[in-house]
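Engineer: have a look; sequence and predicted model below, questions after that.
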Amino acid sequence: MAAADRLQTRATELFGVRYPVVQTGMGWVSGAGLTTATARAGGLGILASATMTMPEMVRAIDEVKAATDAPFGVNLRTDSVDIDARVDHLIATGVRVASFAQAPGEATVKKLKDAGLVVMPTIGAPRHAEKVAEWGVDAVIAQGAEGGGHTGVIPTSLLIPAVVDAVDIPVIAAGGFHSGAGLVAALAFGAEGIAMGTRFLLSADSSVPDHVKETYLATNLTGTVVTTAIDGAPQRVIRTDVIDGLERAGWLAFPRAVLNALRFRKITRTSMRDLLREGLAMKKAQDLTWGQLAMAANAPMLTKATMVDGHPEVGIMPTGQGVGVIRGLPTSQEIIDEIVTDALATLDRLTR
């Protein structure tokens, strides 16, 4: 039996890919190059349009479609002021998968599904999976506490089987995965595949500056922290002096966030108008306090300053806990090939 056949799941059929491996839509990281490389390698690459303007998203989709005919996905933010236009463009261009870091809303789900797209939000608790399943989503990414960026509190090993028991749709396991043995473990929990962010961030195809990648590679298993000091929501990042300072700030977090926004606005080339518009959109969608708003509006551009512009002194480096066991920068093709080889070897060992 061919390798691809042995690893076929409901997810590979749903996405139209060879292997049950998803590269997540990481803001500022998952651009056209990384998404294309993952799609070519047989996984599902997801373009991170949430940190792109509408014209940038259009160009990125065009780039991926020009480079490969393999299926891919696009990650969207439900609180974007132009979400309807973005959804319309995904439909018009025949994108295979629409993914969301937040619940997309029942009307948006219906519109995308009626047009033939696969809808897949990320969730962090069984009750969240049940809610979006009622709306008709096709699959969910269930991200455990080991995951990077905004994450929940339930460990992956407990979350995945609980979500599998709660819903009948395919569940993609996320949070700490980096190997073929991990893929087999996820399948044993009842998942239909794995989703990885940090493993693909630390690849040769990722556009993150090399000196920033070196900071990631030097991080050990205890070198990350889950903090609410960045934008008011739990977020796993590499522990840095900046993060420690925010953690100690207490009531000073609000003025510090404002000062950081002004200080780094030039680094990120973010206009005050765009900063305010971003913040007000988030406040409306998430019912934030003004203190949380200052931090939340500040966070994306501080992350961009590090991940795109190469200023690690800004110190916002989202990462999964798996960063502690990753030491190389292979290509996306090599990552998926190694996962497949390792998964098959693990299955052979378990079935002797």
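Structural biologist: Done, it's in.

Engineer: helices and strands of this protein: which one has the lowest mean pLDDT?
Structural biologist: helix 253-268 (a mean of 56; mean pLDDT, DSSP states H and E).

Engineer: so residue 46 sits in a strand?
Structural biologist: Yes. Secondary structure of residue 46 (DSSP: H, G, I helix; E, B strand; the rest coil): part of a strand.

Engineer: so what sits opposite it in the bridge?
Structural biologist: On the basis of DSSP bridges, residue 46 is bridged to residue 73.

Engineer: go ahead and confirm it touches residue 72.
Structural biologist: Yes. If you go by Cβ atoms under 8 Å, residue 46 and residue 72 touch, sitting 6.9 Å apart. C-beta here means a position set from N, CA and C on the backbone, and glycine is covered the same way.

Engineer: need the overlap of contacts for these two.
Structural biologist: 35, 97 (Cβ atoms under 8 Å, 6 or more residues apart in numbering).

Engineer: list the contacts for residue 25?
Structural biologist: So residue 25 contacts 46, 47, 48, 49, 50, 73, 74, 75, 99, 101 (Cβ under 8 Å, 6+ apart).

Engineer: helix, strand or coil for it?
Structural biologist: Quick answer, by three-state DSSP: residue 25 is coil.

Engineer: nearest residue to it in space, please, no chain neighbours.
Structural biologist: residue 75 (2.8 Å; Cβ to Cβ, 6 or more residues apart in numbering).

Engineer: can I assume the one you found sits in a helix?
Structural biologist: No. Using three-state DSSP, the assignment for residue 75 is strand, not a helix.

Engineer: any idea how far it is from residue 339?
Structural biologist: 21 Å (Cβ to Cβ, to the nearest Å).

Engineer: ditto for residue 94
Structural biologist: 28 Å.

Engineer: going along the chain, name the strands of the stretch 1-150 of the chain.
Structural biologist: Assigned by DSSP state E, counting those that start in this stretch, the stretch 1-150 of the chain shows strands spanning 21-23, 44-48, 73-76, 97-100, 118-123, 140-143, 149-150.

Engineer: deepest of these, which one?
Structural biologist: Among the strands of the stretch 1-150 of the chain, ranked by average contacts under mean count of other Cβ atoms under 10 Å, first place goes to strand 21-23 (a mean of 31).

Engineer: now do that one: distance to the chain's middle.
Structural biologist: 10 Å (Cα atoms, centre = their mean, to the nearest Å).

Engineer: picking up where we left off before, right, and the residue nearest to residue 25 touches residue 44 too?
Structural biologist: No. Applying Cβ under 8 Å as the test, residue 75 and residue 44 come out as separate, 11.5 Å apart.

Engineer: picking that back up, out of the contacts of residue 25, what pair is the most spread apart?
Structural biologist: 47 and 101 (13.3 Å; Cβ to Cβ).

Engineer: need the overlap of contacts for those two.
Structural biologist: Common contacts of residue 47 and residue 101 (Cβ under 8 Å, 6+ apart): 25, 75.

Engineer: now for the strands of the stretch 1-150 of the chain, which one comes closest to residue 179?
Structural biologist: With Cβ to Cβ as the criterion, residue 179 lies closest to strand 21-23 of the strands of the stretch 1-150 of the chain, at 11.0 Å.
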